[in-house]
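Q: I would like to see how this sequence folds:
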Amino acid sequence: VLPGALASRGERIARELADSVVLGCGQFCTNPGLVIGIASPEFSLFTANLIAEIGQRPAQTMLNDGTLHSYEKGLAALHAHPRIRHLAGQPQEGRQARPQLFQADAGLLIDGDALLQEEVFGPATVIVEVADKAELLRALHGLRG
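A: Numbers count the residues shown, from 1 in each chain. The predicted structure follows:
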């Protein structure tokens with residue numbers, strides 16, 4: 001998410017991003033699993049708005065039990081990682097997927113940590129805040145295809 005877009009429409013982007021995350025229980029290709037932004041007051045506000053949006057979204061039914069189990073396994077890996085923190089979403093329980101938002105240390109992308117290279121299929125997204133444009137470029141170069 002680029003600074004100019006955040007300055008002009010950050011609240012709307014947060015709302016529309018949350019809509020995309022939960023669309024079809026996060027099972028569409030439009031679900032952005034990784035969101036990267038440059039540290040700024042606007043990015044902090046965007047993050048706060050996204051936390052509020054994800055926090056109020058309801059649980060949904062996934063395609064099948066296997067897909068739900070895979071989602072739960074992906075969430076457990078994110079929760080267990082010491083450089084990733086949970087920002088929003090109710091604890092996963094029952095037979096429906098609950099939307100989740102996490103924040104990862106930018107170093108995980110720069111260092112090529114395997115966890116952020118794999119999608120958590122379902123209504124989950126990870127935010128990465130980078131310090132500046134140079135760190136953004138290093139983080140982007142850390143992504144695999």
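
Q: what is the rounded mean pLDDT of stretch 126-141?
A: Mean pLDDT, stretch 126-141: 96.

Q: What lies in contact with the longest strand along the chain?
A: Assignment by DSSP state E gives strand 124-130 as the longest strand of the chain. Defining contact as Cβ atoms under 8 Å, 6 or more residues apart in numbering, one finds that strand 124-130 is touched by 17, 21, 26, 31-39, 43, 47, 50, 54, 71, 74-75, 78, 84, 87, 89, 99-106, 108-109, 116, 136, 139. Placement of C-beta: from N, CA and C, glycine included.

Q: do stretch 101-119 as well
A: 21, 33-34, 36, 47, 50-51, 54-55, 74, 77-78, 81, 83-89, 124-131, 135, 138-140, 142-144.

Q: From Gln103, how far out is the residue nearest the centre of the chain?
A: For the chain, Thr125 is the residue whose C-alpha lies nearest the centre (Cα atoms, centre = their mean; 1.8 Å). Relative to Gln103, Thr125 is positioned 10 Å away (Cβ to Cβ, to the nearest Å).
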